[in-house]
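Novice: Please work out how this folds:
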Amino acid sequence: MSRVRRDRAREEFEGFVAGSTEQLIRTAYLVVWDLPAAEDLVQECLLRVARRWPRVRTMQYPLAYARRVLVNLALDGAERRRRHTAELAAPIAQALKDQLDEAAGSALGAFAESWDLTAALAALAPRQRAALVLRYFEDLSETQVAELMGCSVGTVKSTTSRALQRLRQVLVPAEVDAALRTSSQPPR
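Specialist: Prediction:
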């Protein structure tokens, strides 16, 4: 490849990185729920895209290819990240608990309700979180999500359904859920 072509390909890749990094980081963060891990995943994703850039740059949607690489990286390393987080979280949680006083507890309690959805999303399995993120945050169709996740449309539908059901279980107390279900039943 001539120097001029290499320079042009490099400029195109740098433009791609500049234009897509923010969206890739957002997607990665919503899938793994950890900003440093999301940044690492995006870096690895861009490295893999760079290695294949001569082929990727000719694709109609190079961002879709990068997103698929990113989601695969996130799902492949989910168990390792979960173990790593669990190992680190226990000592930190105990240290914070030891330092918590009543004033701090009441101040933090005011923000607890706004974090319920965040905590519920973080508690989902990585594949469920990925399906929700791609379907609802990235606003992709079920077919597009299936292509990105390497599964069938039916799997996307069932995974999304189970994830939404899990969110309902976490966010809506059982007695409220039961009352809502009985009140929406048609009279007999």
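
Novice: quick one: residue 145 and residue 156 touch, right?
Specialist: Yes. Between residue 145 and residue 156 there is a contact under Cβ atoms under 8 Å: 4.8 Å. Bear in mind the C-beta positions are built from the backbone N, C-alpha and C, glycine included.

Novice: any common contacting residues for these two?
Specialist: Here residue 145 and residue 156 have 131, 135 as joint contacts, going by Cβ atoms under 8 Å, 6 or more residues apart in numbering.

Novice: List the contacts of the residue nearest the centre of the chain.
Specialist: Nearest to the mean C-alpha position of the chain, by Cα atoms, centre = their mean, lies residue 31 at 1.3 Å. Counting by Cβ under 8 Å, 6+ apart, residue 31 makes contact with 38, 70-71, 74-75, 126, 129-130, 133.

Novice: can you do 7 Å?
Specialist: If you count contacts by Cβ atoms under 7 Å, 6 or more residues apart in numbering, residue 31 has them with 71, 74, 126, 129-130, 133.

Novice: Pop the domain breakdown of the chain in here.
Specialist: Following automatic domain parsing, one gets these domains for the chain: 1-82, 114-188.

Novice: The helix or strand harbouring residue 18: which residues count as buried?
Specialist: Using DSSP states H and E, residue 18 sits within helix 3-32. Residues of helix 3-32 classed as buried: 13, 16, 20-21, 24-25, 27-32 (neighbour count, 16 or more other Cβ atoms under 10 Å).

Novice: for the protein, which spans come out with low pLDDT?
Specialist: Scanning the chain for pLDDT under 70 picks out 1, 78-116, 173-188.

Novice: returning to what we had before: how close does the residue nearest to the centre of the chain sit to residue 122?
Specialist: Separation of residue 31 from residue 122 (Cβ to Cβ, to the nearest Å) stands at 11 Å.
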